[in-house]
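Trainee: A predicted structure for the sequence below; I have some questions about it.
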Amino acid sequence: MPTFCRHNRFVQNCPICREPEPPRRRAASTSSASRPRRTARASSPSRRSGGTGDLRVRRVARAAEDGYHSPLVPGLRATADAERLAEELAFAAGRLTELATAPQGAFAEAATAADRDEGIRLAAEAVLRGDRSPYADEAAADRGLAALSAWFDRHGGPGAALDGDPAWTAQRRFERLFERLGTVGGIGRARYDLLVVAGALGLADVEAPALLAGDRDDTTIAAKRVFGIGDRLLIDRRAGELAEAAELPVAALDLALVNVDRPAGAPRLTGGASEDAADAGAWARAAAALGVGR
């Protein structure tokens, strides 16, 4: 029979008098202690040398804003940055002159090679193994040069490959070869400098018609900051306007922009030129166009 407690309730219904229920045992499978812990190693992204798994933080040297403004370089807000751009334009322009008149090191060997095909191959090796090499290490550079050599061979040899269609103008030839060389594995933006070098050394009848901005290469990334725009066609237009105002070949911007965007304290990339290759006249024209150095 049901039993009443002193509170006149059924004992089993009285919160005071009823006997406490025994504690329930939690299943071992639901215990947090039994769950495997995820370690930081398991959850972190894979890291591959030179691959997309690498996280690289680059601190670009930027001067404090001081109200500087120029319609030629709307992305710059500091006089010091504009001055540095003028300096790098002068160096890059001087490099082109040096390549054409007194090339250094491997480029000198390429320019004086008895055989044009051999000269092109030497120039290509100097570019792809130089300080702007697109390859992470020597093994990758070897594979890249092998791929380029195969590309040359498919087009009848280095000279024939860089000649293309005899009806092309020098600028049209540069643009078409730039497109075609994009099929060479890993060469990336280096194909632009390869053509610039070949033209300056007299190994190919080519002339850069524009900056030919790309997507994520160093030159384009720097150009986006300097010109304050991300659209490739607008970048090319603004690069052309700057080159025209400074009376410089647009090809000079390829190296100059990369050096302007180098991390703080990083040495200048010379592209195989001597350290004193800077052109004083080019600096004066660039500085005047940018409104600095007065």
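Mentor: Sure thing, it's come through.
Trainee: after the least confident helix or strand in the chain by mean pLDDT, next one along is what?
Mentor: Least confident helix or strand of the chain, by mean pLDDT, DSSP states H and E, is helix 40-43 with a mean of 34. Using DSSP states H and E, the helix or strand that follows helix 40-43 towards the C-terminus is helix 79-101.
Trainee: Show me what the helix or strand just after that next one is packed against.
Mentor: Helices and strands here follow DSSP H and E; after helix 79-101, the next one along the chain is helix 105-112. Under the contact definition 3 or more CB pairs under 8 Å, 6 or more residues apart in numbering; DSSP states H and E, helix 105-112 sits against helix 116-128. C-beta coordinates here come from the backbone N, C-alpha and C atoms, glycine included.
Trainee: what's the helix it packs on packed up against?
Mentor: The helices and strands touching helix 116-128, judged by 3+ CB pairs under 8 Å, 6+ apart, are helix 105-112, helix 138-154, helix 158-163, helix 190-200.
Trainee: Let me know which of those is tucked in deepest.
Mentor: helix 190-200 (a mean of 24; mean count of other CB atoms under 10 Å).
Trainee: Compute the inter-axis angle for that one and helix 105-112.
Mentor: Relative orientation of helix 190-200 versus helix 105-112 (axes from the mean of the first three to the mean of the last three CA atoms, to 10 degrees): 50 degrees.
Trainee: about what we covered before: reformat the helices and strands packed on helix 116-128 as JSON lines; add distance to Ala222 and mean pLDDT.
Mentor: Formatted as JSON lines, those follow (distance: least, CB to CB, whole Å; pLDDT from 0 to 100):
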{"stretch": "helix 105-112", "distance to Ala222": "24", "mean pLDDT": "98"}
{"stretch": "helix 138-154", "distance to Ala222": "23", "mean pLDDT": "97"}
{"stretch": "helix 158-163", "distance to Ala222": "27", "mean pLDDT": "98"}
{"stretch": "helix 190-200", "distance to Ala222": "13", "mean pLDDT": "98"}
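Trainee: Let me know which of these is the nearest to Arg121.
Mentor: In terms of CB to CB, the element of the helices and strands packed on helix 116-128 nearest to Arg121 is helix 158-163, at 5.8 Å.
Trainee: For the helix or strand just after that closest one, list the C-alpha coordinates in CSV.
Mentor: Next helix or strand after helix 158-163 toward the C-terminus (DSSP H and E): helix 170-181. These are the backbone C-alpha positions of helix 170-181, laid out as CSV (Å, rounded to 0.1, in the frame of the first residue of the first chain):
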residue,chain,number,x,y,z
ALA,A,170,58.8,43.9,-82.4
GLN,A,171,56.0,44.7,-80.0
ARG,A,172,53.6,42.2,-81.4
ARG,A,173,56.3,39.6,-81.3
PHE,A,174,57.0,40.3,-77.6
GLU,A,175,53.3,40.0,-76.8
ARG,A,176,52.8,36.8,-78.7
LEU,A,177,55.9,35.1,-77.3
PHE,A,178,55.0,36.2,-73.8
GLU,A,179,51.7,34.3,-74.3
ARG,A,180,53.3,31.2,-75.8
LEU,A,181,56.0,31.0,-73.1
